[in-house]
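Visitor: How does the following fold in three dimensions:
(2 chains, ligands or ions: 1)
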Amino acid sequence: MPDVTSKKDVQNLPAVEGDVWADFRQVERLTLALTQSYTHTLGKYSRFFIELENRRFMATHCGGCGKVCAPPRPLCPECLKATNWIELPGTGTLETFSVLHFSPGSNADVAALPTPYIFAYVLLDGASTLFPHLLRAPLEQISLGMRVRVAFSDHPVEHPIHLMYFVPLE
Amino acid sequence: MMRVPVIAGVGMTRFASERLDCNARDLLAEAVLALLADTGMSDLKAVQHGLCSYESDHFNRQMTLAAILHDQIGLLPTPTVRVEGGGATGALALRTAWAYVQSGLCDSILVYGVETNGRGVSSQTANQLFALSADFDWEMMIGGTYTGFYAAMMRAHMQQFGTTPEQFAHVAVRNRRNAGFNPLAQKPMDITTADVLASRPVAEPYRLLDCSLLSDGAAVILLATEDWARANTPRFAQRPVVCFTATGCGTDTMRLGDRYPHITNFRAKRAAAQQAYQMAGITNPLDQIDVAELYDSYSGVEIQAVEDLGFVAEGTGGASIASGMFDLGGVLPVNTSGGLLGRGAPVGATGIAQAIEIALQLWGEADPRRQVAGARRGLTDTHAGIATISVVNIFERRD
Ligand SMILES: [Zn+2]
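Guide: From the prediction side, this is the model:
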């Protein structure tokens, strides 16, 4: 007899009084896979990630309005002018955060995170926007307004954003 | 003026975490059969335009759904178009349909929304797929999730205004209770604030029972000029006329951090509400709106919404909600359908289902246990991302 090789599940749903779909109560579901790998272009944001390998934290500066963006913005949304790269000292202040009790496993780096982890928004000294990243510190040491700094990873990572994270500023 | 669209009819499926017997096409068929029963029409041949509302090619695992669905419900060869705006998709679809009718491009348009967000993929995959609508390199790759972004906003709201988990738990309890009065709701629950506070933390300060549902479902609304509705939908004359009078839309940065220092509330929602209120001539929304469906993707988001929609002052949403003023029988009942927390949220159908609840309320046809007596004007609040796109639509009974 021919058969289906994928995992399948066939059920006969109970009849419902007056159901217009009475002839359609036998249902089948299959488990199929969809996998893909692809080239992901970092574009004009690339230098931020390349400089992380050199343990430098970069932001963009707009010559028109003076705004410093971290994460960077190659095009200033206020002036619609091309910005330029500047280096920031990497110290800042914790403005808000969430404690995540599950990992979405978005990539190998995230899948490896021990839970719970702290998803933090930091106002870097010299910047005018908040930078989101992991804050690695015991929960009981975390408080809004605390001073933090960028730390650089010593381990190989899948996505270069994991070449950095935040730690409390001692 | 005579082209202000009226609601000529509505239909929706029960929302469910999983419909074993339905793919997206089947769900839509079910909603369309409900529409036929609602309008007294026997087919859709007279309808002049379609408008397809779904968010995710990933979740539905089907592209060009507008063409495929259009075929399934007997609308060929009339024109169609797809509208997509993340979580706001259904409301943005209605807003677009409003303009299609107002412009004279068509006299009738079927807005059909469907999504299969339920159990087609694991919740971890669902989170990854939803995170693709965040900023890939700067949020998603770090391990950010929407629950986390919303939670960080709520922590800032708590810090600045003293909002408490007990206050947002009130929303989680009330909306699930309201869902019990809605036979099409996905997950009615009879729970207490203590149950919410005792549920497991997901992304603190949010806990499991603060989070809305993943759903399978479909919802359709037939919008038309009043003349078309009178001529083509037999049941139209038996009901009060409900008009889609006003619509507003606002936008904000995709990353929360780029909104600094304004990270407690939704700028896009304020902009959307302002436009809609101006169009509807509303100057005091708390007094002039009788019923509202708010986008409670997380319990605390409703607190932010009542502030940003101008129902109460910024920072007072928590205390206002805990007072019961937005419960059934209160000053302005919200999420009488059960909201995203209790009724469910198949994304492309969500904004349409919200508008259906308002239509039922204004027609006086909601279940008596959730009917707001004498409701004449209703509002829907729907957004994408962390209110990255926000849509406010206003409906009024005219008689
Ligand atoms: Zn600038």
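Visitor: tell me the domain ranges of the chain?
Guide: Picked chain A for this. The record's domain split for chain A, according to automatic domain parsing, is A:3-35, A:43-168.
Visitor: Chain B, not that one
Guide: Domain assignment for chain B, taken from automatic domain parsing, gives B:6-121+B:214-241, B:142-213+B:245-398.
Visitor: Which among those domains is found nearest to the ion?
Guide: domain B:142-213+B:245-398 (13.1 Å; C-beta to the ion). C-beta coordinates here come from the backbone N, C-alpha and C atoms, glycine included.
Visitor: Endpoints of the closest one, how far apart?
Guide: Taking C-alpha to C-alpha, to the nearest Å, domain B:142-213+B:245-398 runs 51 Å from one end to the other.
Visitor: Rounded mean pLDDT for it, please.
Guide: Average pLDDT, domain B:142-213+B:245-398: 98.
Visitor: From residue B:97, how far out is residue B:159?
Guide: 41 Å (C-beta to C-beta, to the nearest Å).
Visitor: okay, the two: which has more neighbours?
Guide: Neighbours were tallied for residue B:159 and for residue B:97 using other C-beta atoms under 10 Å in any protein chain shown; the higher tally belongs to residue B:97 (28 against 14).
Visitor: what's the host helix or strand of that one packed up against?
Guide: Using DSSP states H and E, residue B:97 falls within helix B:89-103. When contacts are defined as 3 or more C-beta pairs under 8 Å, 6 or more residues apart in numbering or on different chains; DSSP states H and E, helix B:89-103 packs onto strand B:50-53, strand B:82-83, strand B:108-116, strand B:216-224, strand B:241-251, helix B:347-363, strand B:377-384, strand B:389-398.
Visitor: What's the local residue count around residue 155?
Guide: As the question left the chain open, I've gone with chain A. A total of 8 residues lie near residue A:155 under the criterion other C-beta under 10 Å.
Visitor: meant chain B, my bad for not saying
Guide: Close neighbours of residue B:155, defined as other C-beta under 10 Å, add up to 24.
Visitor: Quick check: closest non-adjacent residue to it.
Guide: Closest residue to residue B:155 apart from its sequence neighbours, by C-beta to C-beta, 6 or more residues apart in numbering or on different chains: residue A:96 at 5.0 Å.
Visitor: Over to residue A:142?
Guide: Residue nearest to residue A:142 in three dimensions, not counting chain neighbours: residue A:118, with 6.3 Å by C-beta to C-beta, 6+ apart.
Visitor: Where does the stretch 251-399 of chain B get nearest to chain A, residue-wise?
Guide: Taking C-beta to the nearest C-beta, chain A has its nearest neighbour within the stretch 251-399 of chain B at residue B:257, 3.1 Å off.
Visitor: Is it correct that that residue falls within a strand?
Guide: No - looking at residue B:257 with DSSP: H, G, I helix; E, B strand; the rest coil, it is helix, so not inside a strand.
Visitor: From what I see, it and residue A:121 are in contact.
Guide: Yes - between residue B:257 and residue A:121 there is a contact at 5.2 Å, judged by C-beta atoms under 8 Å.
Visitor: joint contacts of the two?
Guide: Applying C-beta atoms under 8 Å, 6 or more residues apart in numbering or on different chains, one finds that residue B:257 and residue A:121 are jointly contacted by A:130, A:131, A:132, B:263.
Visitor: ok, back up a step: can I get the domains of chain B in CSV including distance to the ion?
Guide: Listed next are the domains of chain B as CSV, based on distance: least, C-beta to the ion, whole Å:
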stretch, distance to the ion
domain B:6-121+B:214-241, 27
domain B:142-213+B:245-398, 13
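Visitor: which residues does the residue nearest to residue B:155 form a beta bridge with?
Guide: Taking DSSP bridges as the rule, residue A:96 bridges to residue A:121.
Visitor: Now do the contacts for it.
Guide: By C-beta under 8 Å, 6+ apart, the neighbours of residue A:96 are A:120, A:121, A:130, A:144, B:152, B:153, B:155, B:156, B:159, B:263.
Visitor: what does stretch B:28-35 rub up against?
Guide: With contact meaning C-beta under 8 Å, 6+ apart, stretch B:28-35 is reached by A:20, B:9-13, B:22, B:41, B:44, B:69, B:72-73, B:110, B:112, B:114, B:218-220, B:222, B:349.
Visitor: Quick check on the residues you listed: which are buried?
Guide: In those, burial by neighbour count holds for B:9-13, B:22, B:41, B:44, B:69, B:72-73, B:110, B:112, B:114, B:218-220, B:222, B:349, counting by 16 or more other C-beta atoms under 10 Å in any protein chain shown.
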